[in-house]
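In: have a look; sequence and predicted model below, questions after that.
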2 protein chains.
Amino acid sequence: MDDRTGHRTVPQTNLRSATRYGTRPTMKDVAARAGVGLKTVSRVVNGEPGVTPETERRVQEAIEALGFRRNDSARVLRKGRTASIGLVLEDLADPFYGPLSRSVEEVARAHGALLINGSSAEDPEREQELVLALCARRVDGLVVIPAGDDHRYLEPELKAGVATVFVDRPAGHIDADVVLSDNFGGARDGVAHLVAHGHRRIGFIGDMPRIHTAAERLRGYRAAMEDAGIPVADSWMSLGVTDPERVRRAAEEMLTGRDPVTAIFAANNRVTVTVIRVLAEQARRVALVGFDDIELADLLQPGVTVVAQDAAAIGRTAAERLFRQLDGTLVTPERIELPTRLITRGSGELPPAD
Amino acid sequence: MDDRTGHRTVPQTNLRSATRYGTRPTMKDVAARAGVGLKTVSRVVNGEPGVTPETERRVQEAIEALGFRRNDSARVLRKGRTASIGLVLEDLADPFYGPLSRSVEEVARAHGALLINGSSAEDPEREQELVLALCARRVDGLVVIPAGDDHRYLEPELKAGVATVFVDRPAGHIDADVVLSDNFGGARDGVAHLVAHGHRRIGFIGDMPRIHTAAERLRGYRAAMEDAGIPVADSWMSLGVTDPERVRRAAEEMLTGRDPVTAIFAANNRVTVTVIRVLAEQARRVALVGFDDIELADLLQPGVTVVAQDAAAIGRTAAERLFRQLDGTLVTPERIELPTRLITRGSGELPPAD
DNA sequence: TAGAGCCTGGACAACGTTGTCAGGCTCGGG
DNA sequence: CCCGAGCCTGACAACGTTGTCCAGGCTCTA
């Protein structure tokens, strides 16, 4: 670690400024070329009044000629607001987050803001790292799908006025807006639907209960079973499995065990997909209800019955609350639960086949 | 599990609203509190050498106590680089862009950069608007899935050293890196696959030929037909339709017209999905090959044969080139075509049924 | 024609950070 | 005991923009 000498950056800078990084023109350059003052250029760039059409034309011409582009870093430094919001989610590649992300962006755009986003990959540390990086960039607001369960690190940010809305799961140990689906009610309804079609031995496959949504859906499952007066066997529940390999094993065990299930409730879309594959290989027809809609679910044989969340609505609601926080219209943090919708397509209406 | 109300405790609300727009602490504040100079704080924050452990401790304490977070806008203004790259794509909600976006982010993360992204919604004007907004924020680089076909507006940016890689379609009127799939070859292979299974009357449904990918795929279709010595009837081609309603009509016309097709080549994933629906309603078995893979394609009856693009590889390649441009390792713009892969699942292997 | 008021344009400071550079301290050797 | 070397530390300028404020020229009216 011989880092005493400070000569490490010099040659590269030289090379780069020679070839790649030609300094960009500044307002000063534009002003010089147009033969006007610095502030006049600023006025033209920002469409402020008080500039003669003729002067404006000259300035525009200089801007065009030099390829000037305002430096928003300097602008932000001066003005305080960045007109950008951050979105931290679990995985951009997950189909649930596409529409969500899109609807957040749509609202941001309507408010003239840009969207910066990142994936936490379900890693609390990475979530914090990302969120703090966004705060360092002084985003005006944050939409966070939490990976961790302690968000006290956000306290200084909230105090500093960073609008914050959590999505899909509540924040841990701080008081903030949350927008989520009615996971409990949705799961309960989905399982009740199976019960209504005659099932009693119903399996549940879901994520680790330390994840809020997973816990809520499990709670919904238990509630529906209890409402129906059905005692739940431990072998019907598989918690904390999410990778296809283990979901497959879990499903197969439920189907062939000592007390085989006649129906499965799959607590999220990834699980559902794997279960569909497993069921397709079975001779026996097993009923299935999944939480989260999946594309082409209606074209499968049978169509997949699901408890659908409205990802776009969730994103929109969250983003709108965020901007209302920024307006000052909103002060008190709230928890907003959006309803889910049971979509029957066949797989959830199959009768029990022992 | 007895937290069914989920009601919050609200002790901090007033505190938060009171200090809503409270100015954030700066290094100056930290310096004052720690009883050290401004620059010393800067050194601690940036992990620069030359600070006594004792001094560092005092500074860290002050940082903690004040909830200080470095203001990256000021930092960027001083240093020139933002450590962020922009990604402009067509629609975040499109399943093709999820993995692409994710892999770009992954590479960015490996280089310590954040990802800012936006959707152009296929609107050239909006694309330009977005790109320029990103440039104003001084992103170090841009990954662009072009909507428009003239990108001369980017010339000043390129000259100023903004690394730029186009994806999926080449840039218009400027010389820049492009990473895309072998659309021509993929489509040709897909259609040839149908020919090999005995089809001669093969339909083509795709986007407007002014879109590069659509044009290339159409060219592949024509090439395959010509190779097979099959003259193409105009009624077999439907160009420029992409919304489900019109795709449906187009497909139905091809299937019932005077010279009905026995197979369809669907030139993108949205078209494929709609065609699947239409074919499911037909008595006659019609063969289908789609461009772009779709989820669960293997579970349908029959499985959907597709020409698959590797979205993740495209994103990764593009992002890596971008960072190599920033390194100075790369200078000459190139066009990189990634191969596609024909995945046979059944629908493309059906024999002609007249 | 002079004075008042308006309109346009520019000088200057400030935003929060980092690079430069110089000053003060400690410590060891002469 | 003094001096130089080496290490810490802090004062200061600069990054590019915007807000404030003032100067000068114009028009309009009395």
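Out: The structure has been received and is ready for your questions. Residues are numbered from 1 along each chain as shown, chains lettered A, B, ... in the order given.

In: are we agreed that residue A:143 is in a helix?
Out: No. Checked against DSSP: H, G, I helix; E, B strand; the rest coil, residue A:143 lies outside a helix; its state is strand.

In: which stretches of chain A aren't confidently modelled?
Out: Low-confidence segments of chain A (pLDDT under 70): A:1-22.

In: quick one, domains of it?
Out: Split into domains by automatic domain parsing, chain A comes to A:10-70, A:83-180+A:311-338, A:183-310.

In: chain A: helices as residue ranges?
Out: Secondary structure of chain A (DSSP state H): helices at A:10-18, A:27-34, A:38-45, A:53-66, A:72-79, A:97-110, A:124-136, A:155-159, A:183-196, A:212-227, A:244-256, A:269-281, A:311-327.

In: okay, the ones you listed in JSON lines with mean neighbour count and distance to chain B next?
Out: In short, each C-beta sits where N, CA and C put it, glycine included. Output for the helices of chain A, formatted as JSON lines (neighbours: other C-beta atoms under 10 Å in any protein chain shown; distance: least, C-beta to the nearest C-beta, whole Å):
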{"stretch": "helix A:10-18", "mean neighbour count": "11", "distance to chain B": "6"}
{"stretch": "helix A:27-34", "mean neighbour count": "19", "distance to chain B": "12"}
{"stretch": "helix A:38-45", "mean neighbour count": "18", "distance to chain B": "10"}
{"stretch": "helix A:53-66", "mean neighbour count": "16", "distance to chain B": "8"}
{"stretch": "helix A:72-79", "mean neighbour count": "18", "distance to chain B": "4"}
{"stretch": "helix A:97-110", "mean neighbour count": "22", "distance to chain B": "4"}
{"stretch": "helix A:124-136", "mean neighbour count": "19", "distance to chain B": "4"}
{"stretch": "helix A:155-159", "mean neighbour count": "19", "distance to chain B": "2"}
{"stretch": "helix A:183-196", "mean neighbour count": "23", "distance to chain B": "8"}
{"stretch": "helix A:212-227", "mean neighbour count": "21", "distance to chain B": "5"}
{"stretch": "helix A:244-256", "mean neighbour count": "17", "distance to chain B": "13"}
{"stretch": "helix A:269-281", "mean neighbour count": "20", "distance to chain B": "6"}
{"stretch": "helix A:311-327", "mean neighbour count": "21", "distance to chain B": "8"}
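
In: now these as a markdown table including distance to DNA strand D?
Out: Shown next, in a markdown table, are the helices of chain A (distance: least, C-beta to the nearest atom of the strand, whole Å):
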| stretch | distance to DNA strand D |
| --- | --- |
| helix A:10-18 | 12 |
| helix A:27-34 | 3 |
| helix A:38-45 | 3 |
| helix A:53-66 | 10 |
| helix A:72-79 | 3 |
| helix A:97-110 | 20 |
| helix A:124-136 | 16 |
| helix A:155-159 | 23 |
| helix A:183-196 | 45 |
| helix A:212-227 | 42 |
| helix A:244-256 | 51 |
| helix A:269-281 | 45 |
| helix A:311-327 | 17 |
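
In: quick one: which of those is nearest residue B:264?
Out: Nearest to residue B:264, of all the helices of chain A, is helix A:269-281, at 25.1 Å by C-beta to C-beta.

In: any chance you could give me that closest one in CSV, C-alpha atoms only?
Out: Provided in CSV are the C-alpha atoms of helix A:269-281 (Å, rounded to 0.1, in the frame of the first residue of the first chain):
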residue,chain,number,x,y,z
ASN,A,269,-45.3,-15.8,-9.8
ARG,A,270,-42.0,-17.6,-9.9
VAL,A,271,-43.3,-20.4,-7.8
THR,A,272,-46.5,-20.6,-9.9
VAL,A,273,-44.5,-21.1,-13.1
THR,A,274,-42.5,-24.0,-11.7
VAL,A,275,-45.6,-25.6,-10.2
ILE,A,276,-47.3,-25.4,-13.6
ARG,A,277,-44.4,-27.4,-15.0
VAL,A,278,-44.6,-30.0,-12.3
LEU,A,279,-48.4,-30.4,-12.6
ALA,A,280,-48.1,-30.8,-16.3
GLU,A,281,-46.1,-33.9,-15.7
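
In: now do the contacts for the nearest residue to residue A:275 once chain neighbours are set aside.
Out: Distances taken as C-beta to C-beta, 6 or more residues apart in numbering or on different chains put residue A:266 closest to residue A:275, at 4.8 Å, once the chain neighbours are dropped. By C-beta atoms under 8 Å, 6 or more residues apart in numbering or on different chains, residue A:266 lies in contact with A:205-206, A:272, A:275, A:288-291.

In: redo the domains of chain A as TSV? Include distance to residue B:140.
Out: Formatted as TSV, the domains of chain A follow (distance: least, C-beta to C-beta, whole Å):
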stretch	distance to residue B:140
domain A:10-70	10
domain A:83-180+A:311-338	13
domain A:183-310	34
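
In: of all those, which one is nearest residue B:70?
Out: Once those are compared by C-beta to C-beta, domain A:83-180+A:311-338 is nearest, at 5.4 Å.

In: quick one, phi psi at residue A:83?
Out: phi 50, psi 40 (degrees, to the nearest 10).

In: contacts only, for it.
Out: Per C-beta under 8 Å, 6+ apart, neighbours of residue A:83: A:112-114, A:140.

In: from DNA strand D, how far off is the residue nearest to residue A:275?
Out: Remark: distance between residue A:266 and DNA strand D (C-beta to the nearest atom of the strand, to the nearest Å) = 52 Å.

In: once you drop chain neighbours, what's closest to residue A:194?
Out: residue A:263 (4.6 Å).

In: try residue A:128
Out: Spatial nearest neighbour of residue A:128, chain neighbours left out: residue A:153 (5.7 Å); criterion: C-beta to C-beta, 6+ apart.

In: thinking that neighbour is in contact with residue A:129, fair?
Out: No. Counting by C-beta atoms under 8 Å, residue A:129 is not a contact partner of residue A:153; they are 10.3 Å apart.

In: near DNA strand C, which residues of the stretch 251-354 of chain A?
Out: Taking C-beta under 7 Å from any atom of the strand, no part of the stretch 251-354 of chain A reaches DNA strand C.

In: bridge partners for the residue nearest the centre of chain A, pull those for me.
Out: When C-alpha atoms, centre = their mean is applied to chain A, the residue found nearest the centroid is residue A:89 (3.8 Å). Beta-bridge pairing for residue A:89 (DSSP bridges): residue A:119.

In: and the residue of chain A found nearest DNA strand C, how far is that from residue B:45?
Out: Residue of chain A nearest DNA strand C, by C-beta to the nearest atom of the strand: residue A:37 (2.5 Å). Relative to residue B:45, residue A:37 is positioned 36 Å away (C-beta to C-beta, to the nearest Å).

In: could you do residue A:189 as well?
Out: From residue A:189 across to residue B:45, the span is 51 Å (C-beta to C-beta).

In: circling back to that earlier point, of the contacts of residue A:83, which belong to strands?
Out: Among those, DSSP state E puts residue A:114 in strands.

In: show the end-to-end separation of stretch A:288-296, please.
Out: With C-alpha to C-alpha, to the nearest Å applied, stretch A:288-296 spans 15 Å between its terminal residues.

In: next one: stretch A:227-236
Out: Span of stretch A:227-236 from end to end, C-alpha to C-alpha: 17 Å.
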